[in-house]
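Peer 1: next input, structure requested:
(chains A, B, C and D)
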Number of protein chains: 4
Amino acid sequence: MDVAVLGATGDIGRAICAELIERRVLRPTSRLQLVGRAGGASGRAAHGLRVDLIDAHDEHAPLIDVATSPDEVVADVIVLAAGQTIPTGGGRVVDRDGLAAHNLSIFQDYAAAIAENGSGHEVVVVVSNPVELGVAVVAEQIGRHRVIGMGAWLDTLRFRREIASALGIRRQRVSGFVGGQHGDGAVPLWSSVHLRGLDVAERRDVIAGLRGPRTLASFGAEIADAKAQLAAVEADDIAGAFALTDSWAPDLQAVVRPYLTHQSGAKTAFGTASATVDLVDTVLDGREIVVAGQVMLDGEISLQGSPWCGPMGVPVVLGPDGWRNVLLEDLAEDEEERLAAVGHHINSAIEGWTR
Amino acid sequence: MDVAVLGATGDIGRAICAELIERRVLRPTSRLQLVGRAGGASGRAAHGLRVDLIDAHDEHAPLIDVATSPDEVVADVIVLAAGQTIPTGGGRVVDRDGLAAHNLSIFQDYAAAIAENGSGHEVVVVVSNPVELGVAVVAEQIGRHRVIGMGAWLDTLRFRREIASALGIRRQRVSGFVGGQHGDGAVPLWSSVHLRGLDVAERRDVIAGLRGPRTLASFGAEIADAKAQLAAVEADDIAGAFALTDSWAPDLQAVVRPYLTHQSGAKTAFGTASATVDLVDTVLDGREIVVAGQVMLDGEISLQGSPWCGPMGVPVVLGPDGWRNVLLEDLAEDEEERLAAVGHHINSAIEGWTR
Amino acid sequence: MDVAVLGATGDIGRAICAELIERRVLRPTSRLQLVGRAGGASGRAAHGLRVDLIDAHDEHAPLIDVATSPDEVVADVIVLAAGQTIPTGGGRVVDRDGLAAHNLSIFQDYAAAIAENGSGHEVVVVVSNPVELGVAVVAEQIGRHRVIGMGAWLDTLRFRREIASALGIRRQRVSGFVGGQHGDGAVPLWSSVHLRGLDVAERRDVIAGLRGPRTLASFGAEIADAKAQLAAVEADDIAGAFALTDSWAPDLQAVVRPYLTHQSGAKTAFGTASATVDLVDTVLDGREIVVAGQVMLDGEISLQGSPWCGPMGVPVVLGPDGWRNVLLEDLAEDEEERLAAVGHHINSAIEGWTR
Amino acid sequence: MDVAVLGATGDIGRAICAELIERRVLRPTSRLQLVGRAGGASGRAAHGLRVDLIDAHDEHAPLIDVATSPDEVVADVIVLAAGQTIPTGGGRVVDRDGLAAHNLSIFQDYAAAIAENGSGHEVVVVVSNPVELGVAVVAEQIGRHRVIGMGAWLDTLRFRREIASALGIRRQRVSGFVGGQHGDGAVPLWSSVHLRGLDVAERRDVIAGLRGPRTLASFGAEIADAKAQLAAVEADDIAGAFALTDSWAPDLQAVVRPYLTHQSGAKTAFGTASATVDLVDTVLDGREIVVAGQVMLDGEISLQGSPWCGPMGVPVVLGPDGWRNVLLEDLAEDEEERLAAVGHHINSAIEGWTR
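Peer 2: Residues are numbered from 1 along each chain as shown, chains lettered A, B, ... in the order given. From the prediction side, this is the model:
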C-alpha cells in the first residue's frame, strides 16, 4: 500500500512524511512518493528531503521516490498538501479567497491527473485549504466517496483536547465531533460529546458546566470578539494572550487557539500532520473507524427539512475504500441551524471561487 | 525523566521535540521543556509550538512547558540545539568560523546556567555546530562525562546507511563507526565495520569491494573534489547531482550527500533529529549502548604514541550517567593518522575560537 | 483507565494480560487487576503471575494488583475470561452444553457483583464460552450497551485472514464481518467483504472465485463434513490435516482451522488474546471503530421481517461507552436466513441453559 | 533476518514467539521457524501454534514455518528453549542435575546440527537450563563468541527491578548487572549499580541503605534461609509469602521471588520471554548494547589472580555478530570471591554432567 504526498517539501508536507514513517503507517516494503513541482524549489528540495528521511529512518523506511509532475503520481492513498498555506506571524489575517484563487488550479491539475492516470481505487485526503474547495474539485473528478478533507478531523481533535484539558483528563477519554467548515465556520457538535466514565446525567452536568448558557447562535460573534481581544494583547505579551484563551469555553478555544498559534510565529504543522496521518492510517489499516471529515454530501443528511448537497464536515465511517455512512443523528437545534448556515456559506463561496 | 530542548523552535529543535514525543521516548508523566529566548522570535513561537505539539499528541504527550531564559532550564537530559545553523540553498558554503563566533556565547551562557542551577546529574547532548566547540565549552562547566556531541552519531548512521544501500540491505545489518570531527573532518573507521551474516573473510572482501584501493590519506582531497564536481551540476540538475553521488564510495557519500541535501534547499532536520533522539533515548532507557559521539577525551586513547586530549568523535559506551569506556581498538594506520590530524585541527580551531 | 481480567491465570487470561501490557494498551499510570478465585489454584497463581508480568515489563507496566473475589473487581473495562475452556488435544469434541452448565454460575456471580459494586460505567468484554450466554447474563445485570462478546470479532479476523491468505495479501487489505454464533454457528457475511484496491466489479469476481457456487444454506453441513474428514487424518498426520484445510474455501477454513488447532494440542490463546485486546483498546482509546461482536439485540435489526431480540454477533460501532449503531445493511438472502436460523438456535439454547 | 525457536510449543517457547512478533522484533518479510520434535506432542502442536500466531498477528507477522528436526533449523538467530523446564507448583525443588541429564543430549543434538548445517554466522541464545551447560555445549560446536546464555540477563532485570521497586522508581533508572550462575549461584554485582539522577556520594548512601551491612559472603546462606522461611508459609498463605519477601534486600528478592512464583503455580514465562527477546532484538537491530549473559570465557577476566576459563554470567557488549568485550572492571572483593566460587562450582558441575 503506497502513499503519495503532494506538496511534500512544505512545512506541513514534510511533517506528514516524517510522521508516516515514524508511526510505521508505511511498511518497509511499501512506497512513499514525494511530489514537488518540476522547475520550482519544491522539485529541487524533494530530492534532498528523500535523503534526509532515509538518513533518519533507514531501518524501517519504505521505499521513497520523487515525482515532479502530477502525471507521475501513483499511490493507494494520496495526500493533497500542495499549494499556498496560511501564513504565520503577528498580525496576519487568513485570506481564504486568496488561498482559493491560488490553490484552485493546483487542485484541478492534480484531480485531473489522478482521474486520468489513476487506478480508480485511490483515496484522496485533502489537507490544503480551502479544504471544502479541494474536496469539491477532487470529488467531481474521481467520485465523492474516495475523497475526504482533513480539516474537520483536526477541528475535532482540538475540540476534544480543549474539553479534556478543561477537565484535567487525556483526549482519548473524550469523544464527539466538529463538523461544518474548517476554520471559523466550524460547528462544534456538543450533542455528540461523550466522556468516558460518566453516565448520561453526569455528562449533561459536566458539559453544561463547560459550555455555559451559550448556544451556537452566538458562536460566530464570539470568535470575532475573541480574535479582537487577542489582537490587543499578543504583540506585546504572547504568553498573556495564550493565558487569556485558557479562560474561554472549549469550543471557542478549539477555533481561536490555532489562530493565536499562527500569530505567535509557530506553525500548526504537527497537529495537521498528526490528524492527516490518522486518516491515512485508517484507510490503510483495514478497519473502519468513525472520524469527522469534509465530504461531498449528496442527500445523506437533511438540514432544516431538506436533503443537503455540497462539501461539509460531518462524522463518517472511514475505511479502506473511502467513506460510507454518515453518523449524524439527533442534532440539537442550534447545531442544525449553524450547519445549515455554514453549509450555505460554503456552497456560495465555492460557487464564487469556481465561477 | 525530563528533557529540555534549547532552541526548540528552530527547524531542528522542532523536529527533535516532535520525534521525542512521537517515538514515546518521553512518557506521559514526564516533562518536555521548550526553551527559546525572551524578547526574540523563538520565545514567542515556543508558546505556539507547545500548543501544536499538544494538538498533535495529547493522547500520550508529556507535560510540555516553555522557558525563555537559560536560568529556567531544568531537566535530566538537555539537548543543546540553540544557535545559528548551517544555511540551506544552492551555492552556500559552510562557514564554521562564523558559526563558532555566533554560537560560542550561546554555548557559554547555557553551560554556565546549567552548572549554576542544575542538579549535577544532567546529561547534555550537543547538536549545534561546531559540535566539538559545544562539547568543549559545556564539558568545562559540568564535567566531561556528562556531555556528548551528536555529530559523530549522525555521521555514523549515514556511513552505515551508505554501506547498506550499496549492498542492498537495511542499515541495521551494518555496524561500524565514524569518528573525528563532524562534517568534512569525519573519519570513517572502516576497521570497525561489521556486516551481519558475513564471516571475517567475506567481510574483508565485501569491504574491499566497497572501498577500493583508497585509504583515508586521500579522503580530504576526495571530499573537496566531490564538492567541486557537484557544484558544477547541482544548480541546473539537482536530480543529476544526486545520481552522481550514487557512484561514489560509501564513506565519501556519507560526507558529501548531506552537503548536497543542503544545496537542494532541503534541510537535514529529520536525520539530525533522529540521531539526537537515539542518544536521548539511550540516556533515558537505562541501558548502556555503544554509540559514536563527540566527547572530551583526557587520555583514554593514544594516537601515534601519545595520549590524546581534546574533543573528538569516538565510539563510547553511553548510559544513564553519560559516557564511560571508549571502545576504539585496533585502529588501522590510516585511521590513526587521520584521527590525529583531525584532532590537531579541532584543537587549534577551538583555541582560535575561544581565544 | 483500568482493566480487570477475570480468569487471569488461565492460558487465555495470561495471554490477554501480557498483550495488554506489551501493546501498551494500558499506560504506566493505569491499573491492571488480575482476578482469580480465593481458595483455588487461580487465586494462588495470580500472585505469581503478577511478579512475572512485572519482571517482564517493569519499564512500562501499569500498576498490577490481585483480587480474589468478584466483589473486589474495580475497573473501567472488565474482561470476562474466567471459567472452563474448550479442551485441547486429539479427539476432543466441544461440549457447549457442558461449558454452559459450568460457566453460567461464574457469569452470574461476576455480573451480579459488577452490577452491585460497579461504577455503572464499566464496559464488559466477554471472552468465555458460550459467549452468547455470557453476554445475555451480563447484559441483564448491567445494561446491554455495555457488554460485547469477543467471539464474532475473532471469527471476523479469522475470516479475513483466510481470504487474505488465499489471495496472497495481508489481512488489513480485507474488510468484512462474521456474525451469528461463535463457533459452528458462525455466519460469514460475504456481502460485507471489501478488498482494498479493487472496484465493485473486480471484487465481485474475486469473491466469486473464492466462494464458488456455494451459499450459506449448505454451510452447516460443510462444517460437519470437514470435521469428519479431518478426524480421519489428524491423528496420524497433523501436517497433512492442516494441508487438507488449505484447499477449502475461506469461510470454511475460518471455522474449521481453529478446531484443528485445538486437536493438534495447541491452544488458540494468542488469537483469542489479540482479538480481545483489540476490543479493549478500542474502548480505551477514545475512538469509535466498527467491529463485530456478540451484543444483546433489542430490535435494532430485522430478520425475515421481524425485529430481532437476543444475543447475536453483528457489526457494531464500538467506543468508550460501549456499542451503539448496528451496521448491518443489505444482507444477502442466504445471510439473513442463516442469521435467523442461528439466532433461533442461540435463543433456544440459552433458554435451555438458564431454565 | 530470521529467527528459529527450538522448543517453540513449550510455555516459554510460546511466550517467546508471541513477543517476538508482538514487539515487531521480526519484520513482516523475515521468517520465524517454530521447531518441535517429530513424533512428539511438540511436533504436532507446532502446526497449531503457527495457525494461532497468524490468527493473532496476520497484519504484521513474519513468515512462519514449522520444522520438526534439528537438521531443518535455518536462521540468523537461534533461540534454544527446548528441553525440560523447572516445574511449577508448591513444594517442588529445582533439580539441576535432573535437568542437566535430560537436556544435555538435546543441547548436543541441536549444537551438532547447527554446526553441520548452519551458515557459520548464527548467534545462539540459550534459554534452557542449566544455561551454563547449554552455553558450553553449543560454544564447543560453533565457537564461543556466537553463544550467549539468557539467564544472567533475566537475573539482571530482576535485580534492577527489585532495587527500583524498593526506591519507588522504574527499572530503567537502575543499571548494574548480575553475573555468575543462573539461579541460586547468581552474583549480584553491587559495585556496578548506578542510579539515574544520583551522584557518586548519593548513590553510595542509597545502596548502603538497600544493602545493609551484608556482603556476598553470606549470600548463599541467606538464600537457603529465605527459602526455608517461605516453605513454612506459602502452602497456606501465598499472599503472605509474597509479602514476606517484600521486606528482604533487593538482591535476595531477585533470587528468591522467582522461586516463590514457581511455587505459586504460576510460570515465569513472561519474564523469561522478555529477557530473551531483548537479547534477540539486540542481535538483530544492529546496535551494540551492554547486557549480562552467560558466555564461555577464555581468559578475558581474571579472578583472584588467574585468568578465568569456563561458562559464566558477565556483562558483555552484544551485537550482530555475538558478544565481544567483557566489561567487568573494579570488582569488589566479595564479588570476586563469589564469582570465583560460583565459577568453580559451574565448572565442576559441568564436568560431572558431561563425563
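Peer 1: residues of chain A that sit close to chain D?
Peer 2: Where chain A comes near chain D, counting by CB under 8 Å from any CB of the partner chain, the residues are A:24, A:27, A:28, A:29, A:59, A:60, A:285, A:286. From N, CA and C alone the C-beta is placed, and that goes for glycine too.
Peer 1: recalculate using a threshold of 10 Å.
Peer 2: A:24, A:27, A:28, A:29, A:59, A:60, A:285, A:286, A:287 (CB under 10 Å from any CB of the partner chain).
Peer 1: and the residues you listed near chain B, which?
Peer 2: The subset of the residues of chain A next to chain D within reach of chain B, by CB under 10 Å from any CB, is A:28, A:59, A:60.
Peer 1: residues in contact with the closest residue to the second one other than its chain neighbours?
Peer 2: The one in question is residue A:59. In this structure, residue A:59 finds its nearest non-sequential neighbour in residue B:172, 5.0 Å apart by CB to CB, 6 or more residues apart in numbering or on different chains. By CB atoms under 10 Å, 6 or more residues apart in numbering or on different chains, residue B:172 lies in contact with A:58-60, B:160, B:164, B:196, D:1, D:27, D:284-287, D:320.
Peer 1: inside helices: which ones of those?
Peer 2: B:160, B:164, D:284 (DSSP state H).
Peer 1: any idea which of those is least confident?
Peer 2: When those are sorted by pLDDT, the bottom entry is residue D:284 at 89.
Peer 1: surely that residue touches residue D:62?
Peer 2: No: in this structure residue D:284 lies outside contact range of residue D:62 using CB atoms under 10 Å: 11.5 Å.
Peer 1: what does the stretch 101-250 of chain A put close to chain C?
Peer 2: Residues of the stretch 101-250 of chain A lying close to chain C (CB under 10 Å from any CB) are A:119-123, A:160, A:164, A:169-175, A:177, A:194-200, A:202-203.
Peer 1: from the residues you listed, which ones fall inside helices?
Peer 2: A:160, A:164, A:200, A:202, A:203.
Peer 1: from the residues you listed, which is closest to residue B:294?
Peer 2: residue A:164 (41.6 Å; CB to CB).
Peer 1: in contact with the residue lying closest to that closest one once chain neighbours are set aside, which residues are there?
Peer 2: Excluding the flanking residues, the one nearest residue A:164 by CB to CB, 6+ apart is residue A:171, at 4.6 Å. Taking CB under 10 Å, 6+ apart, we find residue A:171 in contact with A:157-165, B:54-55, B:57-61, C:285-286.
Peer 1: just residue A:108 next, same as before
Peer 2: For residue A:108, the contacting residues are A:70, A:137, A:138, A:140, A:141, A:354, by CB under 10 Å, 6+ apart.
Peer 1: would you turn those residues into TSV with secondary structure, distance to residue D:87 and neighbour count?
Peer 2: Listed next are the contacts of residue A:108 as TSV, based on DSSP: H, G, I helix; E, B strand; the rest coil; distance: CB to CB, whole Å; neighbours: other CB atoms under 10 Å in any protein chain shown:
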residue	secondary structure	distance to residue D:87	neighbour count
A:70	helix	68	20
A:137	helix	70	27
A:138	helix	65	30
A:140	helix	70	15
A:141	helix	68	19
A:354	helix	77	14
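Peer 1: okay, those in CSV with distance to residue C:246 next?
Peer 2: Listed next are the contacts of residue A:108 as CSV, based on distance: CB to CB, whole Å:
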residue, distance to residue C:246
A:70, 44
A:137, 47
A:138, 42
A:140, 46
A:141, 43
A:354, 55
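Peer 1: closest one of those to chain D?
Peer 2: Using CB to the nearest CB, residue A:138 is the member of the contacts of residue A:108 that lies nearest chain D, at 28.8 Å.
Peer 1: picking up where we left off before, compare the ones in helices among the residues of the stretch 101-250 of chain A next to chain C and tell me which is most surrounded.
Peer 2: residue A:160 (25 neighbours; other CB atoms under 10 Å in any protein chain shown).
Peer 1: surely that residue meets residue A:193?
Peer 2: Yes: here residue A:160 reaches residue A:193: they are 8.3 Å apart, a contact under CB under 10 Å.
Peer 1: who touches both of these two?
Peer 2: A:174, A:175, A:176, A:177, A:250.
Peer 1: follow-up on the earlier one: closest one of the ones in helices among the contacts of residue B:172 to chain C?
Peer 2: Chain C lies nearest to residue D:284 out of those, by CB to the nearest CB, at 17.7 Å.
Peer 1: ok, that closest one - contacts?
Peer 2: B:172-173, B:196, D:1-3, D:20, D:25-27, D:30, D:76-77, D:123, D:277, D:320.
Peer 1: just the element for residue A:187, please.
Peer 2: Using DSSP states H and E, the element containing residue A:187 is strand A:186-195.
Peer 1: strands paired with that strand, and their directions?
Peer 2: strand A:174-180 (antiparallel) (DSSP bridges).
Peer 1: put the alpha carbons of the partner strand into PDB.
Peer 2: Extracted in PDB, the C-alpha atoms of strand A:174-180 (Å, rounded to 0.1, in the frame of the first residue of the first chain):
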ATOM      1  CA  VAL A 174     -13.500  12.400  25.200                       C
ATOM      2  CA  SER A 175     -15.400  11.700  22.100                       C
ATOM      3  CA  GLY A 176     -17.600  14.000  20.000                       C
ATOM      4  CA  PHE A 177     -17.100  15.700  16.700                       C
ATOM      5  CA  VAL A 178     -16.700  19.100  15.000                       C
ATOM      6  CA  GLY A 179     -18.400  19.500  11.600                       C
ATOM      7  CA  GLY A 180     -19.100  22.300   9.200                       C
END
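Peer 1: how about the residue of the stretch 251-355 of chain A found nearest chain B, phi and psi?
Peer 2: Across the stretch 251-355 of chain A, no residue is closer to chain B than residue A:266, which sits at 2.7 Å (CB to the nearest CB). Phi and psi for residue A:266, reported as degrees, to the nearest 10, are phi -80, psi 170.
Peer 1: how about the lowest-mean-pLDDT helix or strand in chain A as CSV, C-alpha atoms only?
Peer 2: Least confident helix or strand of chain A, by mean pLDDT, DSSP states H and E, is helix A:200-211 with a mean of 90. The C-alpha trace of helix A:200-211 is given here as CSV (Å, rounded to 0.1, in the frame of the first residue of the first chain):
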residue,chain,number,x,y,z
VAL,A,200,-25.9,10.4,30.8
ALA,A,201,-26.8,12.6,33.7
GLU,A,202,-23.3,13.3,34.8
ARG,A,203,-22.3,14.0,31.3
ARG,A,204,-25.1,16.6,30.9
ASP,A,205,-23.9,18.4,34.0
VAL,A,206,-20.3,18.4,33.1
ILE,A,207,-21.0,19.7,29.6
ALA,A,208,-23.4,22.3,30.9
GLY,A,209,-20.6,23.5,33.1
LEU,A,210,-18.1,23.7,30.3
ARG,A,211,-20.4,25.2,27.8
